[in-house]
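Participant: Predicted coordinates and the sequence they were generated for:
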Amino acid sequence: MTNEALEIITKLSTYLSENPQIRFGQALVNLNIIEMEYQSRNIHTSIIDPFFDSDKQILERINKDLIK
């Protein structure tokens, strides 16, 4: 396991602990681990497959989102 993967797991675990009302799948989207492609403001059309994203890229998305 990479250091980045371990950090992703830690951040996800912390997020779920601090937000127990959030469902697991919802947390993946909220942290930008899995991205949604939107057709309009609140209607998603598809999930963007993170297959080619490195752990580092995913971690950068999480950190960017948590700073906001």
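Facilitator: Cool, got the structure. Residues are numbered from 1 along each chain as shown.

Participant: switch to C-alpha atoms for all contacts and neighbour counts from now on
Facilitator: OK.

Participant: which stretches of this structure have low pLDDT?
Facilitator: Scanning the chain with the threshold set as pLDDT under 70 gives 44, 67-68.

Participant: give me that answer again for 90
Facilitator: Per-residue confidence for the chain (pLDDT under 90) gives these ranges: 29, 32, 34-52, 64-68.

Participant: So residue 42 versus residue 30, what's the distance?
Facilitator: Per CA to CA, to the nearest Å, residue 42 is found 14 Å from residue 30.

Participant: Those two - which one has more neighbours?
Facilitator: With neighbours defined as other CA atoms under 10 Å, residue 42 and residue 30 compare such that residue 30 has more, 18 against 7.

Participant: for the most centrally placed residue in the chain, helix, strand, or coil?
Facilitator: In the chain, the centroid-proximal residue (CA atoms, centre = their mean) is residue 33; its distance is 2.5 Å. Three-state call for residue 33 (DSSP: H, G, I helix; E, B strand; the rest coil): coil.

Participant: Okay, strands next: where are they in this protein?
Facilitator: With DSSP state E, the ranges of strands along the chain come out as 35-38, 44-48.

Participant: Which helix runs longest in this structure?
Facilitator: Looking across the chain with DSSP state H, the single longest helix is helix 3-18.

Participant: For the residue nearest to the centre of the chain, which non-adjacent residue is spatially closest?
Facilitator: Using CA to CA, 6 or more residues apart in numbering and skipping the chain neighbours, the partner closest in space to residue 33 is residue 58 (5.8 Å).

Participant: Can you report how many residues lie near that neighbour?
Facilitator: Around residue 58 there are 20 other residues, counting by other CA under 10 Å.

Participant: how much space between it and residue 46?
Facilitator: Separation of residue 58 from residue 46 (CA to CA) stands at 18 Å.
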